[in-house]
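Asker: Predicted model and sequence follow; I will ask about them next.
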Amino acid sequence: MPLATSAPSFEALLQRPGLAWMGQNTTHLEPPPEVTDALLDSTRRREFQFYAPALGFAELRELIVDDLGLAGSTAMITDGAVGGLHHLCTALAPRLSRLITTDPGWPWPGRFVELEGVPVTAVEVYSAGAGYKLSAAALADVIEPGALIYLIDPLNPLGSSYTRDELDAIVGVARAHGAIIVHDCTYRHFADGHTLVAGLYPEGTLTTYSFSKWLGLAGLRLGAVVGRPELLGPLTSTPSNPLGANIQAQRAAIAGLKVKDPWLQRLRQVNRRNQQIVTEAVTRGPVGRVLVDPSHGNFLAVDVSGQGLTADRVCADLLERDVFIRSGTYQSPAFGERFVKVSTSVPAEWAERFAAAWAELEPGEPR
Ligand SMILES: Cc1ncc(COP(=O)(O)O)c(C=O)c1O
């Protein structure tokens, strides 16, 4: 997969204090006070002078397994979910024949295995007919022995999620070929009725977990890989960061998991409301249509094709109005110019600013 050329400079964007950050699926609400207190307390105790345990604090590892409800599995704490994905991609690469994922999707695991010489197949799912997700039938067409299936659910950037029946069928195909499934659950906490592949296929599933989105700890870099000890063993015996993930982040994550229920109630409410504001603005506006509504993530994908505009153009226009959204070109070689992605776990005022900016878009000549 080629590197997207249109990546904005996050360093430059951080210099813009008035910017509405709706381009990284990060959360920008006032965090639970318990989380801030844990960070301050850890800082005052100068815990940053220590290394954390190689696989993370035992309490945090247990809280994550409890949160997922995956008794019998263990968690290893990683430097963000992406640190875990990088580790498992490179550790498993020698035994992989291919990585199978979707287009649109999240490009990094494909790039990690490609560096190790493993080819990637990205099944195209940008259609209502496909339900904007991978079907077992489409998977069956491309699977081969030794494949790794990288399944993002809810799917960034489209917002689709898989039902238990759909996952059952995907697991049937995987099991028949002895394929490992990496279930990327970065956005699980925003979904309605999410099913874990690990519950259906425990012997062949690694689940990745993130604190960046639901708890809003993106800059602290904390995540996990969860799996049965037999599957996780090769990863835990040589962790990619044996000196332990960010110690303050781990304290914050423990505090966050302890107040998870009220926090998620509030966060999900804000997210839903902002999705409505964005959807209404797009429906009323001069351009675009929301692809998956409601989205199961903290973002919406908006198709802008056929109106003489490219995704990059729309993003540039909004950025001029101090609203940062992301072009599909980051996440889809095949369809990227057709859609933009708008993150919604943000203050309502930002969603309103998005709505005002969207109304000012000017379509070009229809194509
Ligand atoms: C599908 C997916 N997986 C993993 C990540 C990375 O998560 P983290 O911030 O925990 O590394 C992202 C971030 O956007 C993502 O969208």
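Answerer: Here it is on my side, so go on. Residues are numbered from 1 along each chain as shown.

Asker: This structure: helices as residue ranges?
Answerer: Secondary structure of the chain, counting by DSSP state H: helices at 10-14, 33-44, 58-68, 80-92, 108-115, 136-142, 164-176, 197-200, 229-237, 247-258, 260-284, 311-320, 348-359.

Asker: And the contacts of the last one?
Answerer: Going back to what we said before, that points to helix 348-359. 20-22, 28, 270, 273-274, 277-278, 280-282, 284-288, 317-318, 321-323, 325, 342, 344 (C-beta atoms under 8 Å, 6 or more residues apart in numbering). Every C-beta, even on glycine, is put in place using the N, C-alpha and C of the backbone.

Asker: what's the answer for the fifth one, then?
Answerer: By C-beta under 8 Å, 6+ apart, the surrounding residues in contact with helix 108-115 are 1, 82, 85-86, 89-90, 93, 96, 99, 101, 120, 122, 148, 150, 182, 184.

Asker: Out of these, which end up buried?
Answerer: 1, 82, 85-86, 89, 93, 96, 99, 101, 120, 122, 148, 150, 182, 184 (16 or more other C-beta atoms under 10 Å).

Asker: out of those, who's near the ligand?
Answerer: 82, 184 (C-beta under 6 Å from any ligand atom).

Asker: Return the member of the buried ones among the contacts of helix 108-115 nearest to the ligand.
Answerer: residue 82 (3.5 Å; C-beta to the nearest ligand atom).

Asker: what about this structure, any weak spots by pLDDT?
Answerer: 1-6, 365-367 (pLDDT under 70).

Asker: residues from it in reach of the ligand?
Answerer: Near the ligand, when you scan the chain using C-beta under 6 Å from any ligand atom, you find 25, 80-82, 106, 152, 156, 184, 186, 210, 212, 218, 223.

Asker: Give me the subset of those residues lying in strands.
Answerer: 152, 184, 210, 223 (DSSP state E).

Asker: what about the nearest residue to residue 64 once chain neighbours are set aside, how many neighbours?
Answerer: Spatial nearest neighbour of residue 64, chain neighbours left out: residue 75 (4.4 Å); criterion: C-beta to C-beta, 6 or more residues apart in numbering. Residue 75: 28 surrounding residues under other C-beta atoms under 10 Å.

Asker: Tell me the spacing between residue 236 and the ligand.
Answerer: Residue 236 sits 18 Å away from the ligand, going by C-beta to the nearest ligand atom, to the nearest Å.

Asker: Sort out which of the contacts of helix 348-359 are buried, if you could.
Answerer: Buried among the contacts of helix 348-359 by 16+ other C-beta under 10 Å: 20-22, 28, 270, 274, 277-278, 281-282, 285, 287-288, 317-318, 323, 325, 342, 344.

Asker: Tell me which residues touch the residue in the stretch 1-150 of the chain that the ligand sits nearest to, please.
Answerer: Using C-beta to the nearest ligand atom, the closest approach of the stretch 1-150 of the chain to the ligand is made by residue 80 at 2.6 Å. With contact taken as C-beta under 8 Å, 6+ apart, residue 80 is in contact with 210, 212, 221, 222, 223.

Asker: ranking those residues by neighbours, who comes first?
Answerer: residue 222 (28 neighbours).

Asker: That residue touches residue 247, doesn't it?
Answerer: No. Counting by C-beta atoms under 8 Å, residue 222 sits too far from residue 247 to count as a contact (10.2 Å).

Asker: what's the overlap in contacts for those two?
Answerer: Common neighbours of residue 222 and residue 247 (C-beta under 8 Å, 6+ apart) do not exist.

Asker: any chance of the helices of the chain in JSON lines, with distance to residue 297 too?
Answerer: Putting these into JSON lines (distance: least, C-beta to C-beta, whole Å) gives the following:
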{"stretch": "helix 10-14", "distance to residue 297": "20"}
{"stretch": "helix 33-44", "distance to residue 297": "21"}
{"stretch": "helix 58-68", "distance to residue 297": "18"}
{"stretch": "helix 80-92", "distance to residue 297": "14"}
{"stretch": "helix 108-115", "distance to residue 297": "17"}
{"stretch": "helix 136-142", "distance to residue 297": "21"}
{"stretch": "helix 164-176", "distance to residue 297": "17"}
{"stretch": "helix 197-200", "distance to residue 297": "17"}
{"stretch": "helix 229-237", "distance to residue 297": "26"}
{"stretch": "helix 247-258", "distance to residue 297": "19"}
{"stretch": "helix 260-284", "distance to residue 297": "9"}
{"stretch": "helix 311-320", "distance to residue 297": "18"}
{"stretch": "helix 348-359", "distance to residue 297": "15"}
